[in-house]
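Student: Predicted model, plus sequence, below.
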Amino acid sequence: MIRYECLHIYNITSMGTVSYIKNFLKDPRVASVTPTSRFTVEKVCKRIDFSNDIRILEYGPGDGVFTRVLLDKMTPKSKIIAIETNSGFVEELESMGSDRLIVKNTSVEQVDEIVKAEKWGEVDYIISGIPFSFLEETKRHDILDKSAHLLKDEGIFLAYQTSAHLKPFLKQHFKSVRTTMEYRNIPPMCIYVAK
Ligand SMILES: C[S@@+](CC[C@H](N)C(=O)[O-])C[C@H]1O[C@@H](n2cnc3c(N)ncnc32)[C@H](O)[C@@H]1O
């Protein structure tokens, strides 16, 4: 029982992990065999002001471990565009059936075109879980450059990665970059807050 509780608080139980392992075996870009822990999700979401109507871009939502919390906390007029390459996860996201959630089955490299097609202006927050370390440096810069341009002046880019490798890249696109660790995650997670 105690062991089950430990696994549960780290989000390593049942369908979430089964889904990640299944998708990871077919698609290395999934980059994880278990969803992000609820501690990391909470820490990232603390940076978001949910009292306003907001627009969020979510990069690499996976099975929606962040998306569900965002939908729960957001106002009825707030919206998310979730961009996910893995079609298995896309099916799970679409099954949430929320009219505040737009799911796109493509790479975040297309983010500027997606935002334009949806007639969104600038966005309030970008939350990113994609494995930047798997991408060539030019692609990392391209995504970060597009992201910085899509954010409002007071907007925030929030990224979570299993290492601190992203900071020098972020510093080239954002004025302020802070990092914090969440150790209650397997493996421990580095959270980046870029403005
Ligand atoms: C480490 S998992 C994080 C999943 C989930 N957000 C979580 O916190 O558990 C990375 C996710 O990014 C997706 N992904 C990887 N590269 C991507 C890309 N270029 N564009 C969109 N999604 C991508 C993967 O399919 C996977 O769902």
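Tutor: All right, it came through fine. Numbers count the residues shown, from 1 in each chain.

Student: Going by C-alpha atoms from here, please, whenever you check contacts or count neighbours.
Tutor: Fine.

Student: Please read off the pLDDT at the residue positioned nearest the centre of the chain from the model.
Tutor: For the chain, the residue sitting closest to the mean C-alpha position, by Cα atoms, centre = their mean, is Ser128 at 3.4 Å. pLDDT, Ser128: 98.

Student: How about Val18?
Tutor: In this model, Val18 is scored at 84, pLDDT.

Student: Scan the helices and strands of the chain for the one with the lowest mean pLDDT.
Tutor: helix 2-9 (a mean of 51; mean pLDDT, DSSP states H and E).

Student: immediately after that one, which helix or strand?
Tutor: helix 14-26 (DSSP states H and E).

Student: mind listing what's buried in that following helix?
Tutor: Within helix 14-26, the residues that count as buried by 16 or more other Cα atoms under 10 Å are 16-17, 19-21, 23-24.

Student: got the CA positions of it in PDB?
Tutor: Extracted in PDB, the C-alpha atoms of helix 14-26 (Å, rounded to 0.1, in the frame of the first residue of the first chain):
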ATOM      1  CA  SER A  14      -1.700   2.400 -14.200                       C
ATOM      2  CA  MET A  15      -2.800   3.800 -17.500                       C
ATOM      3  CA  GLY A  16      -0.400   6.800 -17.600                       C
ATOM      4  CA  THR A  17       2.700   4.700 -17.500                       C
ATOM      5  CA  VAL A  18       1.300   1.900 -19.700                       C
ATOM      6  CA  SER A  19       0.500   4.500 -22.400                       C
ATOM      7  CA  TYR A  20       3.900   6.100 -22.100                       C
ATOM      8  CA  ILE A  21       5.700   2.800 -22.400                       C
ATOM      9  CA  LYS A  22       3.600   1.700 -25.400                       C
ATOM     10  CA  ASN A  23       4.100   5.000 -27.200                       C
ATOM     11  CA  PHE A  24       7.800   5.200 -26.200                       C
ATOM     12  CA  LEU A  25       8.600   1.800 -27.700                       C
ATOM     13  CA  LYS A  26       7.200   2.900 -31.100                       C
END
